[in-house]
Each structure stands twice: as structure tokens, then as C-alpha cells.
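Chemist: Pasted the sequence and its predicted model underneath.
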Amino acid sequence: MTESDVDIIVIGAGVIGLSCALTLQREGFKVTVLDRKGVAAEASQGNAGAFAFTEIEPLATPGIMRKAPGWLLDPLGPLSLPLGYAFKFSPWMLRFWRASWRDRYEQSIKAQTALMQLSKESLEELIRFMQAEDMIQREGQLQLYEGEAEFQAHRKSLLFKQSQGIEVQLLEGQAEIAGIQPGLDARFTHAAFTPAWMNVCNPASWVARLAQHFQEAGGEIALSNVTAIQPAADKVTLITEHGRRTAGKVILASGAWSKPLARGLGDRLPLDTERGYNTTLPAGAFDVKTHITFPAHGFVVSRIDGGVRVGGAVEFGGLQRPPNYKRAQTLLNKAVAFLPGLDTRNGTQWMGFRPSMPDSLPVISYASQSDRVVYCFGHGHLGLTQSAGSAQLVKDLVLNHTPSIDPAPYSAKRFKGLF
């Protein structure tokens, strides 16, 4: 392949990479996608399928450091950190602590809200373009609370969402809750329903649809592991296991595997992994009417192709540690208690690496060494949600257009120094 054969190479065939590839292709660019495993082979295939546009609060909230030690030391809790990984993880945790200060927290909410709005608008346009309404479940989200005290502990967050223009219906009593989702355990006395919440029928199928449109329009998707990015004045060369590939510009969108490639370009970014676990049960396991969230327990239940996916929690453990599937089983055990009629037979367990930044904001910006390389990674558990909007920001960077939202909060340079 000669350097004139392709305008742009996108590294990563997950939902972020393929959203970028399709968006750039629609602008007239000739685009190739490279991935070490293939389409939706990593975190994009196993998530809960939610377009969580209402989730505008970062994980790093004021006062969270008082709660974090108890969570992190519980190996099966909703947020855990294996002791053997703690030292390596400490630089990320220091930045997380700084991100929880009131000034950074408010900046993160503002940036997250802007990206969510852009992503929602961009997704609706993408659904129309791909004629993909058949893949969308517009059934809302139900957050459940065990008793008055637990509900009051979350009330401030719910009222904040309402103040931001998000419709949240507060429910009390089993009859009101059962009107939206029957079959729940009687312990859940309070709930919050977000009617505008959306899900996709299967996240892997959604990414496959993106790939289909991209390829039918002439785009190439190839298996190849990229080991280095070498920008020059007039092109970018990629070193891969199959030789060199060149392009006018490169989009780095390989999720949790983006960190070493960015480091090779001079950007030492605090990217780590939120290792998420789930179990997917076949059709008939439970009649899920809406996306169900258990905030105090850190997991969700969603409908995937007529079946049920029980997943969530956060385990910070990097890319090399083996999975701890006891975490998936713990979530499933809780789900059985919370949804008494749940049939857990013939389930499939999974673990995925969600690329996480300390302030819960992705990196969408030029590389420090070259504006021919654009970063788009670090979306945490919001990759599916923010994919369409992130692709619009990438397009603006490639075309050197002024973006519709302030790009500064997503800059790779925002972590220069600890504070």
C-alpha cells in the first residue's frame, strides 16, 4: 500500500473507532480501520447496551475519598482495587483525588453535560442515517432504592439531574414501581424513573451495523496490531505486525490499549482500566421492561436480544491481571435476590477493559507531537453513550473546524503536572 492509498487510518474497531471511521468517511475521506482482534472484540461487545446521556456526574465527586477506602478494600464490592496493583495505580488515584475537588468536579460536570448533549443529537442523526431504529429500545431507566434512608442518600443527585433539565420521576411504594417493572423484591420501596433513557438491543450488533455501513461504502477493516505511530510533516507511518502502513492522518481509538501508543508520542496519560464483569442469560430468563439500575450495589440489569445481562461494578486492575469471575457471580447472586423470578441457567460470563481517566472525561485532542494524530479514547463506561458525539469532535479536529462545544476539557495536555 502506498501513502496515497488512504487519507486516514483509525486504530481501533470498537464503537469509538468505527463511529469515527464512518463519520470521516461521510466527509469524503478514504478511511482504513486497523484492529488487533477485530470488530467489537473488546469492551464494545459486552457492555449493558445503554445510551446513558443522563449520567453527567463524574465518578470523582466531592467527599468520595472518605468512602473510597472501604470500597477499594472489598474484593467483591462495587469498586475494588487488588492490593498487588495498588502501588502501580497510585498516580491515577492522586489525579482522581484532585478531580474530586469542587472546582474540577464542577468543570467535569459542565464538560460531561456538553458532550452528552452533542452525543445525543449525533446519535439520533446516526440512527436515521443507518435506518437503525429497529435496534433501539426507548424504554427508560429505573433506579431502585431499599428504603427511605437509601433513597434520601441519592436524592441530591436526582434533584441535580432535574435541575439540569433531565426528566426524573420519583416513585414511592411497590405499586408505582411495579407499574414500570413487575417482579422486583419487596425490599425496593423507592425508585427514580428516567423515561428518556435509551438502550441498544445488543452493543455488539450495533458496532457490527456501523462496520457494515462503513465497508459497504468502500471502507477497509483489517486485522493488524499497531506497535508504534511515527508522524512526519506530510504523513503518519504506523509500525504494525504486518509491516508499515501510511496515511495522511491517524485516529488513535484503541481504548485501554491506547496508552503505550500515546506514550510513544510524548503523552504520558493517566489511562487505566475499569474492568467490568457481567453474565448474559438467554431469552426467557426474566421479563425486563426497562433498564434496571441498583445504585447502592453498582450494577445493572438490561435486556440484550431478548435475554438478560447482569453486569457492572468497577475493578481497577490493569490489562495483565487474570479475570476474577467471582465478581460476576456476586452480581448474579444479588440479581437473583432482587429479581426473585430470574432464571440463571445457561449464562455466559464476561470481563471487559473499560478505558478510564481520573476525571471521567475522555481524551479527544491532537497528540502533543503532531496534529496529524488525533486521540479519541478514555471514555470509561460511557464509550457507547458518547461514541457519536466524540466522532463529531474528531471530525472537527481533522477538518480544523471550530467544534460546537469547548474542546479544552478533553485535551491530552490537561494532566500536565498533578494539579
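Modeler: On my side now, so go ahead.
Chemist: just the helices in the stretch 251-400 of the chain please.
Modeler: Secondary structure of the stretch 251-400 of the chain by DSSP state H, counting those that start in this stretch: the helices cover 259-263, 326-338, 383-399.
Chemist: list the buried ones in the longest one?
Modeler: I take that to be helix 383-399. 383-398 (16 or more other CB atoms under 10 Å). All C-beta spots, glycine's among them, are computed from the backbone N, C-alpha and C.
Chemist: What of the shortest one?
Modeler: Along helix 259-263, the positions that meet the burial threshold by neighbour count (16+ other CB under 10 Å) are Lys259, Leu261, Ala262.
Chemist: Now distance to Thr330 and pLDDT too, for those residues, in a markdown table please.
Modeler: Shown next, in a markdown table, are the buried residues of helix 259-263 (distance: CB to CB, whole Å; pLDDT from 0 to 100):
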| residue | distance to Thr330 | pLDDT |
| --- | --- | --- |
| Lys259 | 29 | 96 |
| Leu261 | 34 | 97 |
| Ala262 | 34 | 97 |
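Chemist: What is the neighbour count of Met351?
Modeler: By other CB atoms under 10 Å, the residues close to Met351 number 19.
Chemist: close enough to count as contact, it and Arg275?
Modeler: Yes. With contact defined as CB atoms under 8 Å, Met351 and Arg275 form a contacting pair (6.0 Å).
Chemist: between those two, what contacts are shared?
Modeler: Pro323 (CB atoms under 8 Å, 6 or more residues apart in numbering).
Chemist: circling back: closest to Ala285 out of the helices of the stretch 251-400 of the chain?
Modeler: Ala285 sits nearest to helix 326-338 of all the helices of the stretch 251-400 of the chain, at 9.8 Å, using CB to CB.
Chemist: buried residues in the closest one?
Modeler: Arg327, Ala328, Gln329, Thr330, Leu331, Leu332, Lys334, Ala335, Val336, Phe338.
Chemist: Please identify which of the residues you listed is nearest to Leu144.
Modeler: Relative to Leu144, the closest of those is Phe338; by CB to CB it sits at 7.6 Å.
Chemist: give the contact list for the closest one.
Modeler: Leu144, Leu184, Asp185, Arg187, Phe188, Phe294.
Chemist: taking these one by one, which sit in helices?
Modeler: Counted as lying in helices by DSSP state H, out of the contacts of Phe338, is not a single one.
Chemist: what helices or strands is the longest helix along the chain leaning on?
Modeler: Scanning the chain for the longest helix, with DSSP H as the assignment, gives helix 102-130. The elements that helix 102-130 packs onto, with contact taken as 3 or more CB pairs under 8 Å, 6 or more residues apart in numbering; DSSP states H and E, are helix 86-99, helix 203-216, helix 383-399.
Chemist: Apply 7 Å and report the result again.
Modeler: In terms of contacts (3 or more CB pairs under 7 Å, 6 or more residues apart in numbering; DSSP states H and E), helix 102-130 is packed against helix 86-99, helix 383-399.
Chemist: Lys30 is nearest to which of these?
Modeler: helix 383-399 (12.7 Å).
Chemist: mind listing what the residue lying closest to His291 once chain neighbours are set aside touches?
Modeler: Nearest non-adjacent residue to His291, counting by CB to CB, 6 or more residues apart in numbering: Gln141, 4.3 Å away. Gln141 makes contact with Thr194, Trp197, Thr290, His291, Thr293, according to CB atoms under 7 Å, 6 or more residues apart in numbering.
Chemist: Emit the PyMOL select command for whichever of these are buried.
Modeler: This is how PyMOL selects the buried members of the contacts of Gln141, with burial counted by 16+ other CB under 10 Å:
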select buried, resi 194+197+290+291+293
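Chemist: Now, the contacts of Gln141 that are in strands?
Modeler: Mapping the contacts of Gln141 onto strands (DSSP state E) picks out Thr194, His291, Thr293.
Chemist: of those, closest to His154?
Modeler: For the ones in strands among the contacts of Gln141, the nearest to His154 is Thr293 (10.6 Å; CB to CB).
Chemist: got any ranges where the stretch 151-300 of the chain has weak pLDDT?
Modeler: For the stretch 151-300 of the chain, no stretch has pLDDT under 70.
Chemist: The same query, at a cut-off of 90, please.
Modeler: Applying pLDDT under 90 to the stretch 151-300 of the chain flags residues 156-157, 160, 164-165, 242, 296, 298.
Chemist: of all the helices and strands packed on helix 102-130, which lies closest to Met65?
Modeler: Closest among the helices and strands packed on helix 102-130, once you apply CB to CB, is helix 86-99, at 5.6 Å.
Chemist: if I pick Phe377, what's in contact with it?
Modeler: Here Phe377 is in contact with Ile16, Leu252, Ala253, Ser254, Gly255, Ser258, Pro355, Pro362, Val363 (CB under 7 Å, 6+ apart).
Chemist: Could you rerun that using 8 Å?
Modeler: So Phe377 contacts Gly12, Ile16, Leu252, Ala253, Ser254, Gly255, Ala256, Ser258, Leu271, Pro355, Pro362, Val363 (CB under 8 Å, 6+ apart).
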